[in-house]
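In: Take this sequence and fold it.
(one chain, ligands or ions: 1)
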Amino acid sequence: MRSTARNAHDRLSLLHALRLTHPRIFPMNTHHTLMTRRTIHDYKSDPLPEGALKRALEAATRAPNHKLTNPWRFTMMGPETRARITEIGVAEKRKKRGELSEAAEASIRTKFTRPPELIAVSQVINADAHRRREDYAAVACAIQNIQLALWSEGIGSKWSSGGVTNAPETYEVLGIGPDVEEIVGFVWVGFADVVPDPPRTPLSEVVRTTA
Ligand SMILES: Cc1cc2nc3c(=O)[nH]c(=O)nc-3n(C[C@H](O)[C@H](O)[C@H](O)COP(=O)(O)O)c2cc1C
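Out: Here you go, the predicted structure:
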């Protein structure tokens with residue numbers, strides 16, 4: 001019995017591996033994409049397949065958005081910008097941790113430069129607080145659409161916020177006026193070197209049913 005269960009699990013893992021590595025031959029269905037997407041921290045430097053990023057951004061613009069505000073903006077970083085963002089990233093880590101060892105600094109530089117693509121996702125600022133809250137929700141949906149669209153093609157990503165994404169220097173380097181747009185996050189994109197599997201709270205602990 002136990003070995004049957006394990007074999008079934010192995011078959012699922014094999015199918016998942018095939019879906020991840022050969023997404024055109026073994027396409028993921030929506031539920032599988034949702035259930036298996038994970039935040040990727042460690043990337044290969046391999047470039048993305050032609051058109052994958054554009055397909056993901058098109059998917060982002062299909063996210064729900066109340067009053068059709070289309071509040072999202074996507075800044076695709078070229079190599080020069082990425083180099084400047086890397087310096088900001090190192091400086092931010094120094095502010096947080098103090099002086100960095102050579103190895104620590106090299107590791108931060110690798111984190112910033114290794115994924116083949118980096119996108120800043122920002123939200124057009126609306127003066128109305130309610131609209132601004134709803135627009136943030138819409139931008140969050142757009143980011144999720146990017147991540148799921150990429151994952152359905154076997155490509156990993158990470159949404160990151162804080163530190164470098166908030167730094168005034170980042171706004172300057174990206175040409176984003178902080179009074180006009182707020183950076184909601186960076187999305188790092190590339191093929192996963194490692195796919196983590198963090199635990200989730202069981203459904204029974206987060207669902208309640210009323211009479
Ligand atoms: C608003 C937001 C901000 C996030 N910022 C970071 C971040 O700065 N660094 C990071 O490693 N992950 C960040 N994440 C990713 C979460 O850590 C990740 O989703 C969580 O650990 C669950 O893992 P999973 O995405 O693999 O399910 C962020 C996610 C969200 C929704």
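In: isn't residue 48 right up against residue 190?
Out: Yes: using Cβ atoms under 8 Å, residue 48 makes contact with residue 190 at a distance of 7.2 Å. The C-beta positions use only the backbone N, C-alpha and C, and glycine is treated the same way.
In: For the residue nearest to residue 125 when sequence neighbours are not counted, give its distance to the ligand.
Out: Leaving aside its sequence neighbours, residue 125 sits nearest to residue 182 (Cβ to Cβ, 6 or more residues apart in numbering; 5.7 Å). Distance of residue 182 to the ligand, given as Cβ to the nearest ligand atom, to the nearest Å: 13 Å.
In: Relative to whichever strand or helix holds residue 182, what are the paired strands and their orientations?
Out: Secondary structure from DSSP states H and E places residue 182 in strand 181-190. Strand 181-190 sits in its sheet next to strand 117-124 (antiparallel), strand 156-160 (antiparallel), going by DSSP bridges.
In: and the ligand, which of those strands is closest to it?
Out: The ligand sits nearest to strand 156-160 of all the strands paired with strand 181-190, at 3.7 Å, using Cβ to the nearest ligand atom.
In: Is any residue of the closest one near the ligand?
Out: Yes: for strand 156-160, a contact with the ligand is found by Cβ under 6 Å from any ligand atom, at 158, 159, 160.
In: What of stretch 161-175?
Out: Yes: Stretch 161-175 lies within reach of the ligand by Cβ under 6 Å from any ligand atom, at 161, 162.
In: right, and residue 39 touches residue 150 too?
Out: No: between residue 39 and residue 150 there is no contact under Cβ under 8 Å: 11.9 Å.
In: which of the two has more neighbours?
Out: The residue with more neighbours, out of residue 39 and residue 150, is residue 150; 26 against 15, by other Cβ atoms under 10 Å.
In: list residues touching both of residue 39 and residue 150?
Out: Any residue near both residue 39 and residue 150 by Cβ atoms under 8 Å, 6 or more residues apart in numbering counts here, and that gives residue 157.
In: follow-up on the earlier one: as JSON lines, the strands paired with strand 181-190 with mean pLDDT would be great.
Out: Shown next, in JSON lines, are those (pLDDT from 0 to 100):
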{"stretch": "strand 117-124", "mean pLDDT": "98"}
{"stretch": "strand 156-160", "mean pLDDT": "98"}
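In: Same list (the ones you listed) but as a markdown table, adding distance to residue 67 and mean neighbour count.
Out: Converted to a markdown table, the strands paired with strand 181-190 look like this (distance: least, Cβ to Cβ, whole Å; neighbours: other Cβ atoms under 10 Å):
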| stretch | distance to residue 67 | mean neighbour count |
| --- | --- | --- |
| strand 117-124 | 12 | 21 |
| strand 156-160 | 24 | 21 |
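In: about what we covered before: the next helix or strand after the strand holding residue 182 vs the ligand: in contact?
Out: Counting by DSSP H and E, the next helix or strand C-terminal to strand 181-190 is strand 192-194. No: with Cβ under 6 Å from any ligand atom as the criterion, the ligand is not reached by strand 192-194; the gap is at least 10.8 Å.
In: Can you list the helices and strands that strand 192-194 packs against?
Out: Counting contacts by 3 or more Cβ pairs under 8 Å, 6 or more residues apart in numbering; DSSP states H and E, strand 192-194 is packed against strand 42-43.
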